[in-house]
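J.: what follows is a predicted protein model with its sequence.
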Amino acid sequence: MSTQNIITISKEDPTMRDASQLINELSDVLETITGDGGGGSFQVKDVAHPRAMFVIARNQAGQALGCGAIRPLDENIAEVKRMYAKSKVMGIGTQILSYLEENAKILGYSALWLETRVVNKQAVLFYESRGYHVIPKFGIYAGRIECVCFEKRLL
């Protein structure tokens, strides 16, 4: 592997410029795919909790390549939010998701839940191929036919 492909992932402040830019890019992409940017289901204060985090993946030059977050739903379950990778070819999304899963275990969660849109086939396949399975719709997604919810048990 060349040194250009080395990626670091770390917890960062979601109010900083790179984080805001990634969140806005994700909203634009989601708007194009689903007709909804998803901004209404995530706010920066959602990750201000001690058992929450917002992370950014960066290349060796420090350029932001993607982001993701977890926030608590209850004592045992965290929700994955704002998953985004600028490039699909470097495994950035997989690395971010793995980082969030490992840190969720450290924070004491036994499962991760998430929601995406049925029409977002790439995201559905991404989560299914990484061990997530469909669960009943939860919270604000209950009863919404355009949504699909997933869970992964953390062992």
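T.: Sure, I can see it.
J.: so what touches the worst-scoring helix or strand of the chain on mean pLDDT?
T.: None of the helices or strands of the chain scores lower by mean pLDDT, DSSP states H and E than helix 17-34, at a mean of 91. Identification of contacts with helix 17-34 by CB atoms under 8 Å, 6 or more residues apart in numbering yields 12-14, 36-39, 42, 54, 56, 64, 66-67, 82-84, 86, 117, 119-120, 146. C-betas here are computed from N, CA, C, even on glycine.
J.: show me what contacts the residue nearest to the spatial centre of the chain?
T.: Central residue of the chain (CA atoms, centre = their mean): M83, 2.7 Å from the mean position. Residues near M83 by CB under 8 Å, 6+ apart: L26, G66, C67, G68, G93, I96, L97, L114, A123.
J.: any quick PyMOL command for the buried ones out of those?
T.: Command for PyMOL that selects the buried part of the contacts of M83, burial taken from 16 or more other CB atoms under 10 Å:
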select buried, resi 26+66+67+68+93+96+97+114+123
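J.: state the pair within the contacts of M83 that is farthest apart.
T.: The largest separation in those, counting by CB to CB, is between G66 and L114 at 15.5 Å.
J.: list the buried ones in the least confident helix or strand of the chain?
T.: D18, A19, L22, I23, L26, S27, L30, I33, T34.
J.: what about the strands in the chain?
T.: 8-11, 53-58, 64-72, 77-85, 111-117, 133-135, 147-153 (DSSP state E).
J.: in CSV, list those along with distance to A104.
T.: Putting the strands of the chain into CSV (distance: least, CB to CB, whole Å) gives the following:
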stretch, distance to A104
strand 8-11, 13
strand 53-58, 9
strand 64-72, 6
strand 77-85, 5
strand 111-117, 6
strand 133-135, 16
strand 147-153, 9
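J.: export those strands as CSV, with columns for distance to E101 and mean pLDDT.
T.: Formatted as CSV, those follow (distance: least, CB to CB, whole Å; pLDDT from 0 to 100):
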stretch, distance to E101, mean pLDDT
strand 8-11, 12, 97
strand 53-58, 12, 97
strand 64-72, 9, 97
strand 77-85, 9, 96
strand 111-117, 6, 97
strand 133-135, 14, 98
strand 147-153, 7, 97
